[in-house]
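*Asks:* whatever this is, show me its structure:
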Amino acid sequence: MKILVAAWDSGGGVEVVQTVVQSAVARGHEVRVLGTESLRGRFEAAGATFLRYQHAPDNDTSTAETDLVKDWEAGNPLTLFGRVRDRLMCGPARDFCLDVAEELVSAPADVVVIDTMIPAAMFGAEAAGVPAVILMHGPCMIPRQGAPTFGTGFMPATTNLGRLRDRAGKALTLAVMRSGLPALNQARADAGLQPIRDLFDLMGRAARILVCSSPSYDFGSGSVPANVRYVGPQLDYADRGTFDDSLLARPGRPLVLVGLSSTVMLQEGLLQRTADALGELDVSGLITTGPAVDPSVIRAPPNVLVRQWARHADILPHCSAVITHGGHGTVMKALLAGVPQVVVPLGRDQPDNAARVVELGAGIRLRKNARVSAIVDAVEELLAQPGYRAAAVAAAVRLRAERIDGSVVDELERVATRQPARGRG
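*Replies:* A predicted model of the protein is given here:
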């Protein structure tokens, strides 16, 4: 099978797409990846042929200057939605469509896989007559009954007022997307395609929408569209190593792992307050800053180590607690390891993931401006109350039962076998 992937530098979402690429390559499929230059090394290491976008905008989330969206400048979810709409999902729609269409002219594919952040790339596949599959990095983003508005961090509604809140949020989300329709439909017109009416019409163009999360983790009692499949979290566990005891600042103490965003989200202040909080506790702390923060800017107390990178999958089985920004990948890895969490969302989908952790009973949510004393109290509560770990372990059992290895590639193969490889060349 020949697979073309339209990827995007979306921080933790890259791991999802990279894991899918690795799985497809391991099964013997030929994979080409379109992306920004910052992604080249990761996808070439996954065994794919990498091709740089020729029309779509560049993006590198590891620095503030090269981040396209700069979402930390948005003051609220509505402003953020508008910024993502204008700079990514709708504004450059024609460019993403062109990149995919031109690559399919150059070389055919049986299926095109699209990062959920760039749905307009799907238009290039549609114009070429090639089925497209959208990869959603985390919980289902499509508005439906019982699911709070994406990005708000709301808990599921239990009252009439709460249900009214969700209906209003859904209407607002659809209105924001409608305002981006002119750019989307201009791209479709340029590609010789009929216009779309709304968000549901856009999502309905995909042969599959693969939600890379688990049903028991997600919110929403309403049924999902017919083309949606839950395929479980796609986490990179390849080449797992062994735990390095040198990462323990004080061996024999409870280990608390700190992992905030791998992209720029102005997290230095929170990292420092977290280091100070761990310094007041009888624990060993390990802070991983990621590529967006220089470890040297964090003043660490004696019981805390600061590293730019350490493999969380190796460390989590030894942890008593995790402090995280609430990225879906980190949250899922902690849940699968049965480790309770303090979730301090910084933006994006992170408030939603924090709400899910709280709903599961597996952790505590704090505000991103939480003081040192609040972080100390939250960690002490996680360590003192066994119910948090019990809930995390129960979640791990459910998540493992729902996970079917290889299900993503199975779905790609089902889609591809319904239509032969085609291009315009």
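
*Asks:* which intervals of the stretch 251-400 of the chain have sub-threshold pLDDT?
*Replies:* In the predicted model of the stretch 251-400 of the chain, no residue satisfies pLDDT under 70.

*Asks:* ok, residue 250 to residue 281 distance?
*Replies:* As judged by CB to CB, to the nearest Å, residue 250 and residue 281 stand 11 Å apart. (Glycine included, C-beta is placed from N, CA and C.)

*Asks:* cool, and residue 254?
*Replies:* Residue 254 is 8 Å from residue 281, by CB to CB.

*Asks:* neighbour count winner among those two?
*Replies:* Set side by side, residue 254 and residue 281 give different neighbour counts by other CB atoms under 10 Å, the larger being at residue 281 (20 against 17).

*Asks:* the more buried one and residue 378 touch, don't they?
*Replies:* No. The pair residue 281 and residue 378 fails to qualify as a contact (CB atoms under 8 Å) at a distance of 10.7 Å.

*Asks:* next structured bit after the helix or strand containing residue 103?
*Replies:* Element membership of residue 103, judged by DSSP states H and E, is helix 93-106. The element immediately downstream of helix 93-106 (helix or strand, assigned by DSSP H and E) is strand 111-115.

*Asks:* list the buried residues for the helix or strand residue 182 falls within?
*Replies:* Here residue 182 is covered by helix 181-190, with elements defined by DSSP H and E. Using 16 or more other CB atoms under 10 Å as the test for burial, helix 181-190 gives 181, 183, 184, 185, 187, 188.

*Asks:* I'd say the first one and residue 196 touch.
*Replies:* Yes. Counting by CB under 8 Å, residue 181 sits close enough to residue 196 to count as a contact (6.9 Å).

*Asks:* still on that earlier bit, what mean pLDDT does the helix holding residue 182 have?
*Replies:* Looking at helix 181-190 alone, the average pLDDT works out to 97.

*Asks:* domain ranges for this protein, per the record?
*Replies:* If the domains of the chain are taken from automatic domain parsing, they occupy 2-233+403-416, 245-402, with pieces of a single domain joined by a plus sign.

*Asks:* what's in contact with the longest helix seen in the chain?
*Replies:* Longest helix in the chain by number of residues (criterion: DSSP state H): helix 160-178. Contacting residues not belonging to helix 160-178 are listed as 78, 81-82, 85, 143, 146-150, 152, 154, 156-157, 198-199, 202 [CB atoms under 8 Å, 6 or more residues apart in numbering].

*Asks:* repeat that with 6 Å
*Replies:* For helix 160-178, the surrounding residues in contact (CB atoms under 6 Å, 6 or more residues apart in numbering) are 81, 143, 148, 149, 157, 199.

*Asks:* what's the closest of those residues to residue 63?
*Replies:* residue 81 (23.7 Å; CB to CB).

*Asks:* about what we covered before: JSON lines for the buried residues of helix 181-190, including distance to residue 38?
*Replies:* As requested, the buried residues of helix 181-190 are exported to JSON lines (distance: CB to CB, whole Å):
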{"residue": "181", "distance to residue 38": "30"}
{"residue": "183", "distance to residue 38": "24"}
{"residue": "184", "distance to residue 38": "25"}
{"residue": "185", "distance to residue 38": "30"}
{"residue": "187", "distance to residue 38": "24"}
{"residue": "188", "distance to residue 38": "28"}
